[in-house]
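K.L.:
This is a predicted model, with the sequence first.
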Amino acid sequence: MGFSERPTDSPPDLSMIREAHRILRAILPPTPVRTFPHLNRQLGAEVWFKLEAWQPTGSFKVRGALARMSRLRPEERACGVVTASAGNHGLAVAFAARLLSGIPVTVFVPETAAPNKVRALEAFGVRLERAGRTYAEAHAAAVAFAQHQGACYLHAYEDPWVVAGQGTIALELMEALPDLDAVLVPVGGGGLISGIARAYQALAPRTRIIGVQTEASPALAASLRDGRLYEDDPAGPTLADGLAGGVGAWAYQLALEGAIHEVLVVREETLLEAIGWLAAEAHLIVEGSGAVGIAALWETGPRWAGQRVAVVLSGSNLEGEILLRGLARYLERRTEDSADRSRAPVGA
């Protein structure tokens, strides 16, 4: 009765994003934007971070979960909610269910889900099911379970109200930082960039919306390169577990339409150093999926000179071991750079 895998065939329009914004304003305060002079000097740009890592569940996903679940009908609430997640979407659904008076939740995660995210899900007391090695396999198991149970299935990145919720980030950015030249957005399944792109397409089309993926899982970039959609794309080992796997049809279509202007692909070693830099210099804990925008700025540095750019730092649910590796790599590079400067001849 409550089952719905993909409620519509198109992403939300501006009216839905504005309605999601109205819903969320009563629940979530806008996340801050911050700039860091060190990075601005390095790039010759004005760079702003949108701190979605400071959301109550540690990622932007709470926006979409609350926007969607606040609209559940009484019979859907009674049947419960089922979703599949690499971790952050499941945490957002669990948080929203608790805030909205105890809606029953079942979350399917792949066996490869990050242990810290699994522990956080367990702490919420949701029904947790492990299925398959990839997000796509967990998703298939979750859909079958929801159909059998008659429960409401919440798609992580192709439910219009979920995507409308993510799109509220764009409305906050436009209010705080008008006239941006570009917004850098992490891309996994594509719900975040789909919502942001829809809002900017309608209200500020001059701003370039640029997706960022890692070389281990470049599904959207590969889809655009090859002219075919990779919805189930095997990912290599990656620091950005939340971006691993295929991309959704909505993000692909928006890129073909020009609402998503470009997709950058970054190296894993640059991403590791970006995680360390954020912790050591910006004093921010940001998971790999959220730090890809910083890696992209570094790898394409000269192109940003004179521009005003926002980077969505999408989450903070970082494994301690990766944080330590990132800090070690960044501090090693900083030491190398200092040594190189000390050896440089006077006047060089």
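P.N.:
That came through, no problem. Residues are numbered from 1 along each chain as shown.
K.L.:
where exactly do the helices run in the stretch 1-150 of the chain?
P.N.:
Secondary structure of the stretch 1-150 of the chain by DSSP state H, counting those that start in this stretch: the helices cover 14-25, 37-43, 61-69, 74-79, 88-99, 115-124, 135-149.
K.L.:
lowest average confidence, helix or strand, in the chain?
P.N.:
Every helix and strand of the chain was ranked by mean pLDDT, DSSP states H and E. The lowest is helix 320-343, at a mean of 85.
K.L.:
List of residues touching that one?
P.N.:
Helix 320-343 is contacted from outside by 116, 239, 269, 272-277, 279-280, 285, 287-288, using Cβ atoms under 8 Å, 6 or more residues apart in numbering. Where you see a C-beta, it was placed from the backbone N, CA and C, and this is true even at glycine.
K.L.:
hang on, the earlier thing: so which of the helices of the stretch 1-150 of the chain gets nearest residue 248?
P.N.:
Residue 248 lies closest, by Cβ to Cβ, to one member of these: helix 135-149, at 10.8 Å.
K.L.:
Flag the shaky bits of the chain, pLDDT-wise.
P.N.:
Applying pLDDT under 70 to the chain flags the ranges 1-8, 338-348.
K.L.:
per-domain residue ranges of it.
P.N.:
Domains of the chain are assigned by automatic domain parsing as 14-60+159-333, 61-153.
K.L.:
Could you tell me how far the last one lies from the centre of the chain?
P.N.:
The chain centroid and the centroid of domain 61-153 are separated by 17 Å under Cα atoms, centre = their mean, to the nearest Å.
K.L.:
repeat for the first one
P.N.:
Relative to the centre of its chain, domain 14-60+159-333 is centred 6 Å away, using Cα atoms, centre = their mean.
K.L.:
Quick one: end-to-end distance for it.
P.N.:
Chord length of domain 14-60+159-333, first to last residue, is 44 Å (Cα to Cα, to the nearest Å).
K.L.:
Compare the helices of the stretch 1-150 of the chain and give me the one nearest residue 257.
P.N.:
Judged by Cβ to Cβ, the one of these that comes nearest to residue 257 is helix 14-25, at 14.8 Å.
K.L.:
Okay, buried residues for the closest one please.
P.N.:
For helix 14-25, the neighbour count (16 or more other Cβ atoms under 10 Å) marks 14, 16-21, 23-24 as buried.
K.L.:
where do the strands sit along the stretch 151-300 of the chain?
P.N.:
Using DSSP state E, counting those that start in this stretch, the strands of the stretch 151-300 of the chain run over 152-153, 182-186, 208-214, 262-266.
K.L.:
Tell me how far the most centrally placed residue in the chain lies from residue 101.
P.N.:
Nearest residue to the geometric centre of the chain (Cα atoms, centre = their mean): residue 314, 4.7 Å. With the distance defined as Cβ to Cβ, to the nearest Å, residue 314 ends up 28 Å from residue 101.
K.L.:
what about the helices in the stretch 201-348 of the chain?
P.N.:
Using DSSP H, counting those that start in this stretch, helices in the stretch 201-348 of the chain cover 219-226, 249-257, 268-280, 288-299, 320-343.
K.L.:
Looking at the buried residues of helix 14-25, spot the one nearest residue 213.
P.N.:
Closest to residue 213, out of all of these and judged by Cβ to Cβ, is residue 17, at 23.5 Å.
K.L.:
ok, that closest one - contacts?
P.N.:
Applying Cβ under 8 Å, 6+ apart, we find residue 17 in contact with 164, 167-168, 170-171, 195, 198-199.
K.L.:
Now for those, which sits with the most neighbours around it?
P.N.:
If you count neighbours using other Cβ atoms under 10 Å, the busiest of the contacts of residue 17 is residue 195, which has 35 neighbours.
K.L.:
Pick the most deeply packed of the helices of the stretch 1-150 of the chain.
P.N.:
Greatest average neighbour count among the helices of the stretch 1-150 of the chain goes to helix 61-69 (a mean of 30), per mean count of other Cβ atoms under 10 Å.
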